[in-house]
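Peer 1: Sequence first, predicted model second:
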Amino acid sequence: MSEPLLREAKPEDVDPIYALLDAAFSPYKDQYPIDAYNSTVASKEVLTQRIPSEEEWIYVVTIDEAIVGTVSLHIKDGDNLYFYTMAVDPKFQGRGIGKILFNKLDQMAQLHGCSVISLETSDPLQTTHVIYEKMGYKRTGKTRPYHGIEVFEMEKRL
C-alpha cells in the first residue's frame, strides 16, 4: 500500500466522493431526517457543481489511486475558512487521513489570510466532536435549524 496523497478533486472524482460520503455517514442515517442526510451527503449534482469552482474547493486523499478521504471548503465572511464536509472512508479511519485533511485546512486558512476555521455539526456525530476538539475546535454557542435537526457551530481561531 502506497503513502496517502492529497490533491484537488477532479470532475471524474464525483462518483467515488459521493460513495465515500455515503459510506462515512451511513451509520448515522437513522438519526437524521432524510432531507438533512441528503444535504449532508452532497449529491452528485452538487459535487459536480463544486468541481471545479473558483469559490470553493474539494480536496481528496488517495491511497493507490482510491479516494479514502475528502473535505469541501470555502471562504465565508472574508476571513472564515468554512468546511462543509469532511469524511474518511471507514476502512481507513485511524490511519492519519483526517490529520492530512485538517493540515490542508490550516494551510488554506493561512494562504487566504483567514483568522478562523469553522464548521457546523450535529449531535448524532458525537465521535467527530471529540476529533474536532483534539484538533483545536471549540463550540461557539451558535445553533440553527437544519432540515429538521439542529446544528451547532465549532471554530478554531488562528
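Peer 2: Perfect, I can see it now. Numbering: from 1, shown residues only.
Peer 1: give the contact list for residue 47.
Peer 2: 14, 17, 18, 58 (Cβ atoms under 8 Å, 6 or more residues apart in numbering). Just so you know, the C-beta spots here come from the backbone N, C-alpha and C atoms, and that holds for glycine as well.
Peer 1: pLDDT on the strand ranked longest in the chain, on average?
Peer 2: As assigned by DSSP state E, the longest strand anywhere in the chain is strand 66-76. Averaging pLDDT along strand 66-76 gives 97.
Peer 1: List the strands paired with that strand, with their directions.
Peer 2: If you go by DSSP bridges, strand 66-76 pairs up with strand 56-63 (antiparallel), strand 80-88 (antiparallel).
Peer 1: Please name whichever of those is nearest to residue 121.
Peer 2: strand 80-88 (9.9 Å; Cβ to Cβ).
Peer 1: Now do the closest one: everything it contacts.
Peer 2: Contacts of strand 80-88 (Cβ under 8 Å, 6+ apart): 20-21, 24-25, 40, 42, 61, 68-76, 97-98, 101, 105, 108-109, 112, 114-119, 155.
Peer 1: Phi, psi for residue 128 please.
Peer 2: phi -70, psi -30 (degrees, to the nearest 10).
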